[in-house]
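Student: Pasting the sequence and the predicted model now:
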Amino acid sequence: MMKYKFITFNIHKARSTFLLNNTLIKIKEATHSLPVDFMFIQELVGEGADFIPKGLSTTVSSQMEILADSIWTDHCYGKNAVYKDRHHGNAILSRFPITKWENENISTNKWEQRGLLHCEIPLENGQILHLFNVHLNLLHEERVKQVERVIARYSKLIPPDAPFILAGDFNDWGKELSHYLESKLNLFECHKQLKNKYAKTFPSFFPMLSLDRIYARNIKPTHIETLSNTPWSLLSDHLPMYLEFEL
């Protein structure tokens, strides 16, 4: 079996919890210290000079360029929220070639622009890994509608035997979404499967809420943890989740 490493991280546009510091370079240093094969990012600024560290804003306009560097050779970005001076969304970074990707608009109102970023990655064993990166709404009723869109896309496009990961910021503080995904798609949440509980990831300085999740199917999770020590607790308002799995 092949072993892989994965991380999902809402980087808060590379701002610390109380918006005091630009943390992009520290996020780059921290993530590059991990031999991760796949990284999901939510709230990545695709373009916006004010969110690039001083000294780099004249040559680089995207946080993706700085984070990916030479570590993740392939990456895709789904632009969701657009403003006058910037836009942000979800991103997937991979050490393996991304052969196909699409960003589906799953917004349910005009105030929260959300997307489902889907990519396909052929692996060494001949299987195609399907990845869904999401950032859902703040209200439960609207999150349910978005999960229905996730279920519809999965049912239409993902072969039943394909390895699959659905991860990101679900904003599901009431822990009410899992039964939809478990009953309709036969997914399992990796942290709950290995540790019998959901990971607490928010706020980063004193995590109390389980907002971030990693759901999967047709993979074997072997290790999972919330990266809660420094520097991770100082980089965003969320903590990242780290997963090791086999195929």
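Tutor: Thanks, I have the structure now. Numbers count the residues shown, from 1 in each chain.

Student: Can I get stretch 168-186 in CSV, CA atoms only?
Tutor: Extracted C-alpha coordinates of stretch 168-186, given in CSV (Å, rounded to 0.1, in the frame of the first residue of the first chain):
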residue,chain,number,x,y,z
GLY,A,168,-12.4,22.0,4.7
ASP,A,169,-14.2,24.4,7.0
PHE,A,170,-17.7,23.2,7.5
ASN,A,171,-18.7,25.8,10.1
ASP,A,172,-20.7,23.0,11.6
TRP,A,173,-20.4,23.9,15.2
GLY,A,174,-23.6,22.0,16.1
LYS,A,175,-22.1,18.7,14.5
GLU,A,176,-25.3,18.3,12.5
LEU,A,177,-24.0,17.6,9.0
SER,A,178,-22.2,14.2,9.4
HIS,A,179,-25.4,12.1,9.2
TYR,A,180,-26.1,13.5,5.8
LEU,A,181,-22.7,12.5,4.4
GLU,A,182,-22.5,9.2,6.3
SER,A,183,-26.0,8.0,5.3
LYS,A,184,-26.1,9.2,1.7
LEU,A,185,-22.5,8.8,0.6
ASN,A,186,-21.2,6.3,3.1
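
Student: Pull the residues that contact that stretch.
Tutor: If you take CB atoms under 8 Å, 6 or more residues apart in numbering as the criterion, stretch 168-186 is touched by 8, 10, 40, 42-43, 90, 132-138, 140, 143-144, 147-148, 150-151, 154-155, 166, 187-189, 192, 198, 209-213, 215, 217, 238. Any C-beta I mention is one placed from the backbone N, CA and C, and that applies to glycine too.

Student: Kindly give a single PyMOL line that selects the buried subset of those.
Tutor: The buried residues among those can be selected in PyMOL (16 or more other CB atoms under 10 Å) with this line:
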select buried, resi 8+10+40+42+43+90+132+133+134+135+136+137+143+147+150+151+154+166+187+188+189+192+198+209+210+211+212+213+215+217+238
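
Student: from the contacts of stretch 168-186, which ones fall inside helices?
Tutor: Mapping these onto helices (DSSP state H) picks out 140, 143, 144, 147, 148, 150, 151, 154, 155, 192.

Student: who's in contact with the first one?
Tutor: Taking CB under 8 Å, 6+ apart as the criterion, residue 140 is in contact with 172, 174, 176.

Student: Now list the buried members of the residues you listed.
Tutor: residue 172.

Student: For this protein, just list every one of the helices.
Tutor: 24-32, 63-68, 140-157, 178-185, 190-195.

Student: And the fourth one, what's buried?
Tutor: When you say that, I think you mean helix 178-185. Those would be 178, 180, 181, 185, for helix 178-185 by 16+ other CB under 10 Å.

Student: in the chain, which ranges drop under the pLDDT threshold?
Tutor: 17-20, 46-61, 81-87 (pLDDT under 70).

Student: which ones are touching the residue lying closest to residue 142 once chain neighbours are set aside?
Tutor: Excluding its sequence neighbours, the residue lying closest to residue 142 (CB to CB, 6 or more residues apart in numbering) is residue 108, at 4.4 Å. Residues counted as contacts of residue 108 (CB under 8 Å, 6+ apart) are 114, 137, 142, 145, 146.

Student: how near is residue 108 to residue 139?
Tutor: Computed with CB to CB, to the nearest Å, the distance linking residue 108 and residue 139 is 9 Å.

Student: do the same with residue 221
Tutor: 30 Å.

Student: between the two, who's got more neighbours?
Tutor: Set residue 221 next to residue 139 and count neighbours by other CB atoms under 10 Å: residue 221 wins out with 19 against 13.
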